[in-house]
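# need a 3D model of the following:
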Amino acid sequence: MSTMERLTDRGRNNIFIAAVFTLCWVTTVHSIDCFKCVSMNGRFPACDDPFHNNHSLQMLESPCMGGRKGRDGLFPATSCIKIAGVFDDTGETITVRGCGLDSGTATTDTEIIRMSHCGRFYYDDRYVHGCLQSCNDADACNSSDHIQSSLPVIVLIYHAYLLLVS
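Coordinates of the predicted model:
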């Protein structure tokens, strides 16, 4: 093997190694499917709890899109949310299912999807006693597929490559 051929092989190996390490930091995220509906005082039973997934395809939004603080338009959601509670002033019940996304603010208390919580909160300028729950672990509760490379996988790919080229 001549010096030029060895340099060409080394260059190919270096390009391959650089490509694999670059892919190590690449992730892809698919948008999340969530149920979207509102039931005030039980007027839309399919939305209320207990939730039965019998007639809910009309309520499934795929992909679910949500607003983002400080931005116009809709963006692919990162979590599904559910609000269930009772209005303090009238005793009416409310169930809201939808989706949301993290707007990137610094603290958990300014992002509705970062932490489920129960208590009193405002909804449409009225106090509600209930719970806000968020999830992101499965479609129709939320799903996000991440493709992440790890060092052992990279090493295995590199060794397989070396076996093929030798």
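
# which residue sits closest to Ala77, ignoring its sequence neighbours?
Leaving aside its sequence neighbours, Ala77 sits nearest to Cys99 (C-beta to C-beta, 6 or more residues apart in numbering; 3.5 Å). Yep, even glycine has a C-beta here, placed from its N, CA and C like the rest.

# A strand includes the one you found, no?
Yes. Under DSSP: H, G, I helix; E, B strand; the rest coil, Cys99 falls within a strand.

# wait, Lys82 sits on Leu132?
Yes. Using C-beta atoms under 8 Å, Lys82 is in contact with Leu132, at 7.4 Å.

# and for the closest residue to Asp139 other than its chain neighbours, the neighbour number?
Nearest residue to Asp139 in three dimensions, chain neighbours excluded: Asp33, at 4.3 Å (C-beta to C-beta, 6+ apart). Each residue near Asp33 was counted by other C-beta atoms under 10 Å, and the total is 19.

# mind checking how far Asp33 is from Asn136?
Applying C-beta to C-beta, to the nearest Å, the value for Asp33 to Asn136 is 11 Å.

# then Gly91?
Distance of Gly91 to Asn136, given as C-beta to C-beta: 32 Å.

# shouldn't Lys36 be in contact with Gly66?
No. Between Lys36 and Gly66 there is no contact under C-beta under 8 Å: 9.8 Å.

# which neighbours do those two share?
Common contact partners of Lys36 and Gly66 (C-beta atoms under 8 Å, 6 or more residues apart in numbering): 98-99.

# who has more neighbours, these two?
Gly66 (24 against 19).

# residue contacts, the more buried one?
For Gly66, the contacting residues are 74-75, 77, 98-101, by C-beta under 8 Å, 6+ apart.
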